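Engineer: what shape does this take:
(chains A and B)
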Amino acid sequence: AQSVTQLDSQVPVFEEAPVELRCNYSSSVSVYLFWYVQYPNQGLQLLLKYLSGSTLVKGINGFEAEFNKSQTSFHLRKPSVHISDTAEYFCAVTGNFNKFYFGSGTKLNVKP
Amino acid sequence: DAGVIQSPRHEVTEMGQEVTLRCKPISGHDYLFWYRQTMMRGLELLIYFNNNVPIDDSGMPEDRFSAKMPNASFSTLKIQPSEPRDSAVYFCASSFRVGPYEQYFGPGTRLTVT
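Structural biologist: Alright, predicted model coming up:
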């Protein structure tokens, strides 16, 4: 079985500050990890994904994430956030059978 | 490509009425997923199809919910009879193949049952 835990339900941060959104997963098999973003009143959009290879993955809008197998984590980071990054962020894990397991989401609130 | 298309975008109905949500996946995608999103339960997978065949419907909450995919370009999620607790945003998503392939989400249908 696979599962994802997003440790923070809400993260407030000031504009231009760095941010880290935490994600931990559990799985007994090889995993593929994703981060999605949901802007208000919209569907989910892919930010980045880890399939294999380099553990540091870069995505759109300046976001990056690091896969840490020993700590079963896939934290999302951005060195300097903008107001436009205000959204809800979802971590997801899947194996080879295409069923995604999503975390409960983290609401990022960027303040001016 | 137009992306995943869902209709209607908003639906308000009275308790006891039948509700039908519609989805058109991205052309060429073999998998289609129905999710429900609520404040209390977050994002839940209800059912998914592979090549129009339901593979896993373990997330369907009860017999009032049913989903069909009569062809590769159309799927419906039906609730009959609807209840206020069904109020949620329902998303449809599609993906290309088995394995680590991105799921593309539609804009969602916001359902309100009064």
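
Engineer: how many residues are close by B:Arg97?
Structural biologist: Close neighbours of B:Arg97, defined as other Cβ atoms under 10 Å in any protein chain shown, add up to 11. For the C-beta atoms, the positions are set from N, CA and C on the backbone; glycine is no exception.

Engineer: same check, this time on A:Leu7
Structural biologist: 14.

Engineer: give me the number of residues near B:Ala72?
Structural biologist: The burial count for B:Ala72: 17, using other Cβ under 10 Å.

Engineer: let me redo that: B:Gly59
Structural biologist: B:Gly59 has 16 nearby residues by other Cβ under 10 Å.

Engineer: my guess is it is in a strand, correct?
Structural biologist: No: counting by DSSP: H, G, I helix; E, B strand; the rest coil, B:Gly59 is not part of a strand but coil.

Engineer: quick check, it in contact with B:Leu43.
Structural biologist: No: counting by Cβ atoms under 8 Å, B:Gly59 stays clear of B:Leu43, with 10.7 Å between them.

Engineer: the residue most central in space within chain B: what's it in contact with?
Structural biologist: With distances taken as Cα atoms, centre = their mean, the residue of chain B nearest its centroid is B:Trp34 (3.2 Å). Taking Cβ atoms under 8 Å, 6 or more residues apart in numbering or on different chains, we find B:Trp34 in contact with B:Cys23, B:Leu45, B:Leu46, B:Ile47, B:Tyr48, B:Ala67, B:Ser75, B:Leu77, B:Tyr90, B:Phe91, B:Cys92.

Engineer: residues in a beta bridge with it, which ones?
Structural biologist: Beta-bridge pairing of B:Trp34 under DSSP bridges involves B:Ile47, B:Cys92.

Engineer: against A:Tyr32, how distant is it?
Structural biologist: Per Cβ to Cβ, to the nearest Å, B:Trp34 is found 21 Å from A:Tyr32.

Engineer: quick one, grab the pLDDT at the residue positioned nearest the centre of chain A.
Structural biologist: Geometric centre of chain A, nearest residue: A:Trp35, 3.7 Å, by Cα atoms, centre = their mean. At A:Trp35, the pLDDT value in this model is 97.

Engineer: surely it meets A:Ala65?
Structural biologist: Yes: the criterion here is Cβ under 8 Å, and A:Trp35 meets it with A:Ala65 at 5.9 Å.

Engineer: mutual contacts of these two, please.
Structural biologist: A:Leu48, A:Gly59, A:Phe74, A:Leu76.

Engineer: helices or strands next to whatever helix or strand the last one lives in in the packing?
Structural biologist: Counting by DSSP states H and E, the element that carries A:Leu76 is strand A:73-78. Taking 3 or more Cβ pairs under 8 Å, 6 or more residues apart in numbering or on different chains; DSSP states H and E as contact, the helices and strands that strand A:73-78 lies on are strand A:19-21, strand A:24-26, strand A:32-38, strand A:44-50, strand A:64-68, strand A:87-94.
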